[in-house]
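Asks: missing the sequence, but the structure's below:
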């Protein structure tokens with residue numbers, strides 16, 4: 001008789017992990033509920049572990065899947081979404097799961113996903129369930145994915161669950177593309193503007209400096225400031241700082257977001273410094289090779305010192321920005337989620353951008369939680385998965401508090417309201433969903449509503465950025481023009497007065 005490993009909660013709110021024998025999943029669930037337990041998760045453990053017989057009658061080793069290579073490449077969300085949609089279609093058509101996997105494996109191009117599908121097919125053929133086989137390949141299938149598949153298998157509605165999962169992934173990707181796509185235009189404009197201004201500082205301003213030096217007269221303050229900036233660009237490698245510092249800041253903050261405390265944050269900075277030093281040494285070696293080949297006439301020591309100084313300056317400026325931000329983030333995240341929580345908290349307080357990030361996070365966790373609940377995943381397990389995949393430490397921490405409150409017998413809406421991370425509309429819709437028993441539908445409506453709001457906010461942000469960029473660029477160009485022509489105006493006035 002099959003043995004089922006289950007996780008349940010008793011009347012006191014304590015989690016239990018035990019096993020039970022039953023002829024099928026339905027009987028196992030009935031026995032567990034007869035004990036007065038609230039079932040959280042159930043999994044058949046004996047399936048796929050039966051011993052095979054050799055041809056000579058001797059028992060063979062247990063058919064347990066072994067680790068196989070899946071490749072070193074990266075699997076995009078688009079690939080997984082496409083695979084899920086195709087698998088859903090094949091299951092809806094009534095094809096056996098093993099044949100569906102083989103068909104989709106043959107359609108894939110050589111790479112990591114093809115290898116993983118081959119592994120999944122072998123595991124299913126050896127007796128594992130689809131969710132168990134996918135769980136052994138976390139590079140392609142995360143916890144949310146495998147739990148939804150497990151729920152679909154338990155309920156006999158795998159095709160429906162796969163369809164919902166595909167829709168969930170497609171909508172999540174559409175929201176991400178919408179936000180990223182809206183940022184492309186401002187990013188391109190700013191990049192070109194920085195390039196043009198840098199070119200003016202490196203090429204145009206030095207020529208005016210030579211002309212002004214022939215005058216022999218004192219220069220106005222704005223012109224002196226412009227000349228100093230130009231010298232910084234050329235002599236001190238300021239153009240490298242302008243080019244390297246912003247991405248370095250983004251990369252360092254991205255690393256710090258993953259840290260939970262000051263110690264892990266310090267380790268992330270240490271790793272980044274080691275990486276920066278390695279890149280600097282690589283640049284020096286490249287310069288040495290060019291000098292050896294005669295393509296550069298600068299002495300190696302001078303070239304190496306210049307490269308390391310310029311590269312180090314760019315990273316030092318990045319540290320000047322990152323360290324104060326991380327210190328403030330550590331204070332904000334103390335006792336909650338560490339530096340990562342603090343950084344996310346600061347991002348949510350940025351005007352306009354914070355609203356977009358907040359509504360995006362609400363839409364994401366609402367859609368994730370609603371999809372899991374509609375698939376039959378227990379609420380506590382669904383909240384744990386949603387917390388891990390929320391993408392924002394602030395909302396992840398709030399969902400963790402809601403999870404703990406529900407374990408103690410409270411509702412969903414009350415604890416969520418106390419966290420103050422969602423507005424009244426979300427709390428009220430969740431409250432109504434709990435009362436009517438349609439929590440999953442209400443969560444999906446919340447997600448759809450906030451998707452529309454994000455679209456409107458992104459459009460408004462782009463409209464707001466256009467005049468801001470025009471004003472900023474106009475100010476910069478105006479300052480350069482005034483600074484360059486002030487000495488000429490002074491010269492003309494002196495000539496006219498002397499005449």
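Replies: Perfect, I can see it now. All values derive from a computational prediction rather than experimental measurement.
Asks: Give me the phi and psi for the residue nearest to residue 98 when sequence neighbours are not counted.
Replies: Nearest residue to residue 98 in three dimensions, chain neighbours excluded: residue 124, at 5.4 Å (C-beta to C-beta, 6 or more residues apart in numbering). To be clear about C-beta, it is placed using only N, CA and C from the backbone, and glycine gets the same treatment. Dihedral pair for residue 124: phi -60, psi -40, per degrees, to the nearest 10.
Asks: need the contact list for residue 124.
Replies: By C-beta atoms under 8 Å, 6 or more residues apart in numbering, the residues touching residue 124 are 97-98, 101, 130, 133.
Asks: Please settle this for me: is residue 18 part of a strand?
Replies: Yes - assigned with DSSP: H, G, I helix; E, B strand; the rest coil, residue 18 falls within a strand.
Asks: Do I have it right that it meets residue 10?
Replies: No - using C-beta atoms under 8 Å, residue 18 is not in contact with residue 10; the gap is 10.9 Å.
Asks: how about the nearest residue to the residue nearest the centre of the chain, chain neighbours excluded?
Replies: Nearest residue to the geometric centre of the chain (C-alpha atoms, centre = their mean): residue 391, 6.2 Å. Excluding the flanking residues, the one nearest residue 391 by C-beta to C-beta, 6+ apart is residue 364, at 6.1 Å.
Asks: need the contact list for the closest residue to residue 461 other than its chain neighbours.
Replies: Nearest residue to residue 461 in three dimensions, chain neighbours excluded: residue 352, at 5.4 Å (C-beta to C-beta, 6+ apart). By C-beta under 8 Å, 6+ apart, the residues touching residue 352 are 457, 460-461, 464.
Asks: Let's have these in CSV, adding pLDDT.
Replies: Written out in CSV, the entries for those read as follows (pLDDT from 0 to 100):
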residue, pLDDT
457, 86
460, 83
461, 82
464, 82
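Asks: Neighbour count says what about those residues? Which are buried?
Replies: For these, a burial check counting by 16 or more other C-beta atoms under 10 Å picks out 457, 461.
Asks: Could you provide the contacts of residue 352 in CSV, with additional columns for distance to residue 430 and secondary structure?
Replies: As requested, the contacts of residue 352 are exported to CSV (distance: C-beta to C-beta, whole Å; DSSP: H, G, I helix; E, B strand; the rest coil):
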residue, distance to residue 430, secondary structure
457, 22, helix
460, 27, helix
461, 28, helix
464, 32, helix
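Asks: now the residue nearest to the centre of the chain, what's its secondary structure?
Replies: Going by three-state DSSP: residue 391 is coil.
Asks: just for the stretch 1-150 of the chain, where's the confidence low?
Replies: 9, 11-14, 26, 38-40, 46-73 (pLDDT under 70).
Asks: hmm, 50 instead?
Replies: 48-67 (pLDDT under 50).
Asks: ok, which stretches of it are strands?
Replies: For the stretch 1-150 of the chain, applying DSSP state E, counting those that start in this stretch gives strands covering 3-9, 15-21, 38-44, 51-53, 59-62.
Asks: could you pull out the helices for the stretch 151-300 of the chain?
Replies: With helices called from DSSP state H, counting those that start in this stretch, the stretch 151-300 of the chain shows them at 158-199, 205-215, 221-234, 238-257, 262-292, 300-332.
Asks: Just send the ones you listed back as a markdown table, with mean pLDDT, mean neighbour count and distance to residue 472 too.
Replies: As requested, the helices of the stretch 151-300 of the chain are exported to a markdown table (pLDDT from 0 to 100; neighbours: other C-beta atoms under 10 Å; distance: least, C-beta to C-beta, whole Å):
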| stretch | mean pLDDT | mean neighbour count | distance to residue 472 |
| --- | --- | --- | --- |
| helix 158-199 | 82 | 16 | 8 |
| helix 205-215 | 83 | 14 | 19 |
| helix 221-234 | 87 | 16 | 16 |
| helix 238-257 | 82 | 18 | 15 |
| helix 262-292 | 78 | 14 | 30 |
| helix 300-332 | 78 | 16 | 19 |
